[in-house]
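Novice: quick one: sequence and predicted model below, then my questions.
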Amino acid sequence: MKMTLNVDGALLERVMAAFGTENKTKAIDLALREVDRKATLRKLAAEGLGMTSGELKKLFDPGDDLMAARVAEGASRYGRKKRSG
């Protein structure tokens, strides 16, 4: 779908650099998919799933780099502008 957007240019450049995307469209697609993934995880966490912590741990691939995922999901200040003065 083609559309016109007003996007924070510096933020878009940081996303492109952080994830190595080749162009703006891929960066925006990646960002939208990541937000959707996080929203799904929050919903599942809120619903409880009825599973024990041990059962939940078995759902994750032990080969995943969890520390990298935690760093990638760190607190963000997107959209906030630095104050001058």
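Specialist: Yep, it's here.

Novice: can you pull the phi/psi pair for Gly50?
Specialist: Backbone geometry at Gly50, expressed as degrees, to the nearest 10, gives phi 70, psi 30.

Novice: look at it and report its pLDDT.
Specialist: With respect to pLDDT, Gly50 scores 80.

Novice: kindly report the same for the one 4 residues further on.
Specialist: Turning to Gly54, the model gives it a pLDDT of 81.

Novice: that one: which element?
Specialist: helix 53-57 (DSSP states H and E).

Novice: kindly report the same for Arg37.
Specialist: helix 24-47.

Novice: from the contact counts, what lies against that helix?
Specialist: Using 3 or more C-beta pairs under 8 Å, 6 or more residues apart in numbering; DSSP states H and E, the elements in contact with helix 24-47 are helix 9-19. For every residue, glycine as well, the C-beta is placed using N, CA and C.

Novice: pull the CA atoms of the helix it packs on into PDB?
Specialist: C-alpha atoms of helix 9-19 as PDB (Å, rounded to 0.1, in the frame of the first residue of the first chain):
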ATOM      1  CA  GLY A   9      13.900  11.400   9.900                       C
ATOM      2  CA  ALA A  10      16.500  11.000  12.600                       C
ATOM      3  CA  LEU A  11      14.500   8.100  14.200                       C
ATOM      4  CA  LEU A  12      14.100   6.400  10.900                       C
ATOM      5  CA  GLU A  13      17.800   6.700  10.200                       C
ATOM      6  CA  ARG A  14      18.600   5.200  13.700                       C
ATOM      7  CA  VAL A  15      16.200   2.300  13.000                       C
ATOM      8  CA  MET A  16      17.800   1.700   9.600                       C
ATOM      9  CA  ALA A  17      21.200   1.700  11.100                       C
ATOM     10  CA  ALA A  18      20.300  -0.500  14.100                       C
ATOM     11  CA  PHE A  19      18.700  -3.200  12.000                       C
END
